[in-house]
Structures are given as C-alpha cells and as structure tokens.
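*Asks:* Build me a model from this:
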Amino acid sequence: MLPRSVDAVVIGSGPNGLVSAIALADAGWDVLVLEAAETFGGAVRSTESDGWISDRFSSNYPLGVASPVLRALELENHGLRWAHAPLPLVHLLDEEGGSVALHPDPEDTAKSIAVDHPQDGEAWLRLYQQYVAIREPLLKALLTAWPPVGPGLKLVRKLGSAGELLRFARFMAMPMHRMGKELFEGPRGGALLAGNALHADAPLLGSVSGTMGWLLAMLAQDVGYPVAEGGSSSLSGALVRRAERAGALLVTGTPVSAIEVSSGRVTGVRTASGETVVVNRAVIADTSAPTLYDDLLPSATIPAGLRRDLDERFEWDYPTVKLNFRLRGPIPWRSPEARSAGVVHLAGTADDLVHLGADLDTGRLPSAPFLLIGQTTKSDPTRSPEGTEAVWAYSHLPRGIADDESAGKLAGRMERAIERFAPGFSDLIIDRDLQRPSAFEAGNASLGLGAVGGGTMQLHQQLVFRPTIGLGSPRTFVSGLYLGSSAIHPGGGVHGACGHLAARTALRDASVLGPLTRTLPTAALRHLQR
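*Replies:* Coordinates of the predicted model:
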C-alpha cells in the first residue's frame, strides 16, 4: 500500500532519480520513489549467475568517481568500492598489435603517445597539467549548477585572462578531428582522444566533439576507468542505502501510468494498478523526454510547439548493440598492453573513425565497427571464476536502424573484428549474450530505440536545446514538475548531475523565494513552447 500523500514523488530509480530523492529527503521532504522494474538502478544494474557477474547497461564510471555530486554523497560509507585494472585504457590502432595506452601515470601515457613523435608526449603532459589546473571549477560548472554562474566565474579566474578564456572557449568548441591535429604531430594522441569522443555520439567533425573526447581522456588519466566492485548494481545499491538513510521510501514493481495536473500545476501521480498518490510539492521524472511528454502527461496539456519539437526534431543517440561474453581465458590480443586494460577501443586512427562516423550518419551498417570493450575481470576479479574472463563489447547502429536483423549482422561483425585483433578469441567463448536495441528498451523504457544517452549529445540538442528548445533547466511547462534524467543538461553519463539539478530547482521553487524563482522561468518556457 502506497502512502496517500507525499511531498514529492520521484519516477524512476536510475542514478539521477536516486540522487534527486536523496537531496529532497536530506532537506526534510517526505519522498516516494516509484520504480517500474523489480530492481532499482535503471541503467546501472548487473546480474549474477554461477559465479559470473554481468553489467547489463553501463559499466565503467570515470564520471562516477570524479563527479562532485556523487562524491558529496560519500557512497563508500554505504558499501561502494571502486575497482581498477592495471591499465585504464588501450586504443588499438591496427591488427598487427599497434596500440596506444593510457597508463595510471601521465608520464607513462606520454611515452606511449610519443613512440613516433617525441614532442607528442610533451603535448600530452601539458594538456593534462592544464586540465588539472581547472579541474574543480570545470567539473562543478558542468555538473552542479544551471546556469553555472558561480562555478563559471571561478573557472574564469582560474584561466586568468580574457584571452585565455577565449582560447579555452575555442578549444571546447572544436571538432575532435581538428583538436587532435592541433595538439599532436603523430596519430597516437589524436586516436586516443577520438576513441574517447565516440563514447558519446558526437561526430568527430562536429562542433564540441572535441570536448567529449578531451574530457573523458582527462578523466581517464585522472581517476581511471573503474568499475563498481561486485557489479554495477553495487553502485545502485549504495545509492539506495543512502536514500533510505535519508528517509526516502523506495518501491519497486510500481509503474507510474499518469501524472495528474490541475490548473497548470502537478497534483499527483497514478500507478498502473490504479492507486493515486497526492503530491504536495514536486514530481521529478527520471524518464526519457518522450516518456514524460508522450506517455505520462495528459496529451491535451502539451503545448503545440513542444509537441512539434518532440515529434519532428528530437533526436535519439545511436542505437546500441552489446555482446556479453563468458570466456575460458583472457582475450589473446596481439597488443601486449591490451591484455591488462580495463577498457579497450578496437578502433584504428582518428581518420578511420571519421569514416566510421560517416557510415553511421548516412545510414550504412559499418563494415569495420568501432568497439568499446570492457574487460571487467581485469578490473574486478570477482566478476568471473578463477582463470576465466567476463567481457562485454558494444557498438552502434546508424540512427533509424534498430531492428533485430541489423543488430544480429553487426554482432557478427563485432565478433569477427575481435578475432582479427586477437586470433584465437573465438575458441575461448563459453557463451555469449546479445543485447539488441529492443532488449535495451525492454529492460529500461528510458533507453528508447536502444539509445543510452537520453538523446543525442550533439550541440543542436545540448544546453538550452536539451531536450528541445527551452531554458536548459529541469523545469517543465507544468509547475512543480521537473525532468531529472539524462534528457536534460548535462546529458548522459553516470554522474548524478541531472537529478541533482532537478532536486535543487524543486527545492528553490518551493522556498520562500519560490514565487520569484519559478514564475518568470515557467512563463518563459510556456511562451517558448506554445
């Protein structure tokens, strides 16, 4: 039996939803979290069978370690342990064993990058030193505030002058391919950055793709590419325990079928079983934008402009195809460095990846797909029985192609690609589990068409354009209703920022200053979306 009335309902228990619940409960609110699935965690979940642990969606969490939002929750006090492989990341350049490695020590990374061009090692060290100098205000600006006025001013002070600010702005706006050419003489440094950029869905020739690759590469150098010891559900479990300690009530197996609205304000939620919970202050939806606006809100209330933007302009990120392998032993990579890496990019040069991006953006199934591979046993020996290896590999289909047949074709190409770079791999397979886009969406309704980022991370759907033209904030056109998922700024990734921003906005709007903070933005949003 659910409570009849609460201060706030959080729909969904992904990391953003749980972060929202914690923030609201810490502030003294009566909070109810409703999760449709039978387990908490959203896309941060793992399963265990016969001594094998499989991360079903996300797996490696550099942003989870670095995020000021998650760090502040002290999840290590609630059972979370991070596990690291000897090498965070190796990027494979060719089938003959050529590779570039990201080591725990920046000096060793520099040596790997500088094999052909010594000056490229020095360029890497300068790049990392510049990142370290601005790390704290940068991460706070990206992840803790919208608009990021306070952290942004601190970042400006760290940069030191108007000229340096403008240079940094240009740097952040650059396409990844151009950034690599400006930074490095040889192919290794640019390839390392380009592979990290493809963790998102920004084409390497597109604006701000450089930011994606640079930030993930710097985080990998800074905190590694860790996994949660014991499986990704360990991270969700720590968030759940932290939320319960704060006083939130969390309920699984309870889908929300509708959000109730009266006179432009949220009043409650209705579950699929017919129960209604009255909401006194706020509803935070840790759902995709289409789920919130197409499925949960009364269709008659949706502004015409918002409906048009969602139907005609909203763009998912690439559909994901993931293979989960149980192996008799380690993958026999030709590259010695790859044999001790937690994450492997099966990729090629930056130029190769530009061609791959062209395939994806023109509807062609890549003949040589980019593979992001997680060797989870390398990071966490509890993931598989002694002497064996638990490994996953994922790649992407072009937008608009998410059918099971295409996913099966891509999966075959993925396996053959690993075999080319690691002869004998196929003989090690005990079994494999294929997650098609349809399986991703079935496992988590927020992963529409198998997209894991809540919508494309390209510039036309970032900041004030995320998820559609608006204010870039968690607010919706309904007072008291907030979108608190990766559909809003700053987008995909396990960092908790979207949930943090939604809760922070809800708390501000419910304060004595609420009439000032919410009235004008809500009116402006309704005007923009009418």
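
*Asks:* Enumerate the sheet neighbours of the strand ranked longest in the chain, specifying parallel or antiparallel for every one.
*Replies:* In terms of residue count, the longest strand belonging to the chain (DSSP state E) is strand 276-285. Within its sheet, strand 276-285 is paired with strand 5-11 (parallel), strand 265-271 (antiparallel), strand 481-483 (parallel), according to DSSP bridges.

*Asks:* which residues touch the second one?
*Replies:* This means strand 265-271. With contact meaning C-beta atoms under 8 Å, 6 or more residues apart in numbering, strand 265-271 is reached by 2, 9, 11, 34, 254-261, 276-279, 282-283, 478-481. Every C-beta, even on glycine, is put in place using the N, C-alpha and C of the backbone.

*Asks:* before we move on, what about the last one?
*Replies:* Outside of strand 481-483, the residues that reach it under the criterion C-beta under 8 Å, 6+ apart are 259, 261, 266, 282-285, 287, 289, 292, 297, 467, 474-476, 502, 505-506.

*Asks:* what about that strand, distance to the chain center?
*Replies:* Centre-to-centre, strand 481-483 and its host chain are 19 Å apart (C-alpha atoms, centre = their mean, to the nearest Å).

*Asks:* likewise stretch 237-251?
*Replies:* Offset of stretch 237-251 from its chain centre (C-alpha atoms, centre = their mean): 22 Å.

*Asks:* I'd like the mean pLDDT over it, please.
*Replies:* The average pLDDT within stretch 237-251 is 98.

*Asks:* Kindly report the same for stretch 216-225.
*Replies:* Stretch 216-225 carries an average pLDDT of 98.

*Asks:* Show me which residues of it are buried.
*Replies:* The neighbour-count check on stretch 216-225 (16 or more other C-beta atoms under 10 Å) flags 216-225 as buried.

*Asks:* Tell me which of those residues fall in strands.
*Replies:* Those of the buried residues of stretch 216-225 lying in strands (DSSP E): none at all.

*Asks:* hmm, back to that, closest one to F184 among the strands paired with strand 276-285?
*Replies:* Nearest of these to F184, taken as C-beta to C-beta: strand 481-483 at 39.2 Å.

*Asks:* just checking, next helix/strand downstream of the closest one?
*Replies:* Using DSSP states H and E, the next helix or strand after strand 481-483 towards the C-terminus is helix 497-509.

*Asks:* so G206 makes contact with T456?
*Replies:* No - using C-beta atoms under 8 Å, G206 makes no contact with T456, being 10.1 Å away.

*Asks:* more neighbours, these two?
*Replies:* Taking other C-beta atoms under 10 Å, G206 and T456 do not tie; T456 has more neighbours (23 against 20).

*Asks:* number of nearby residues for V240?
*Replies:* V240 is flanked by 24 other residues according to other C-beta under 10 Å.

*Asks:* ok, now which ones touch it?
*Replies:* With contacts defined as C-beta under 8 Å, 6+ apart, the neighbours of V240 are 13, 18, 40-41, 250.

*Asks:* neighbour-wise, which of those leads?
*Replies:* L18 (31 neighbours).

*Asks:* helix, strand or coil for that residue?
*Replies:* Recorded secondary structure, L18: helix (DSSP: H, G, I helix; E, B strand; the rest coil).

*Asks:* S485 versus that one, what's the distance?
*Replies:* 12 Å (C-beta to C-beta, to the nearest Å).

*Asks:* which residues do those two both contact?
*Replies:* G499.

*Asks:* Hmm, R413 and S367 touching each other?
*Replies:* Yes - S367 is in contact with R413 according to C-beta under 8 Å; the separation is 7.0 Å.

*Asks:* circling back: quick check on the contacts of strand 265-271: which are buried?
*Replies:* Burial by neighbour count, judged by 16+ other C-beta under 10 Å, picks out 2, 9, 11, 34, 254, 256, 259-261, 277, 279, 282-283, 478-481 from the contacts of strand 265-271.

*Asks:* relative to helix 497-509, how tilted is the longest helix belonging to the chain?
*Replies:* What stands out as the longest helix in the chain, according to DSSP state H, is helix 118-143. Angle of helix 118-143 versus helix 497-509, following axes from the mean of the first three to the mean of the last three C-alpha atoms, to 10 degrees, is 30 degrees.

*Asks:* Quick check: mean pLDDT of helix 118-143?
*Replies:* Helix 118-143 comes out with an average pLDDT of 97.

*Asks:* looking at this protein, which helix or strand is least sure?
*Replies:* One helix or strand of the chain scores below all others by mean pLDDT, DSSP states H and E: helix 514-528, with a mean of 84.

*Asks:* Pull the distance from stretch 458-465 to the chain's centre.
*Replies:* Distance of stretch 458-465 from its chain centroid, counting by C-alpha atoms, centre = their mean, is 16 Å.

*Asks:* Just the CA coordinates for it, please, in PDB.
*Replies:* This file holds the C-alpha atoms of stretch 458-465, laid out as PDB (Å, rounded to 0.1, in the frame of the first residue of the first chain):
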ATOM      1  CA  GLN A 458      25.500  16.900 -30.300                       C
ATOM      2  CA  LEU A 459      25.400  20.700 -30.000                       C
ATOM      3  CA  HIS A 460      21.900  21.100 -31.500                       C
ATOM      4  CA  GLN A 461      20.500  19.200 -28.600                       C
ATOM      5  CA  GLN A 462      22.600  20.500 -25.700                       C
ATOM      6  CA  LEU A 463      22.300  23.300 -23.200                       C
ATOM      7  CA  VAL A 464      19.100  25.400 -23.900                       C
ATOM      8  CA  PHE A 465      18.300  22.900 -26.800                       C
END
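
*Asks:* picking that back up, now flag whichever of the contacts of V240 is closest to V132.
*Replies:* Closest approach to V132 among the contacts of V240 (C-beta to C-beta): L18, at 30.0 Å.

*Asks:* ok, that closest one - contacts?
*Replies:* Shown in contact with L18 (C-beta under 8 Å, 6+ apart): 10, 33, 40, 236, 239-240, 242-243, 496, 499.
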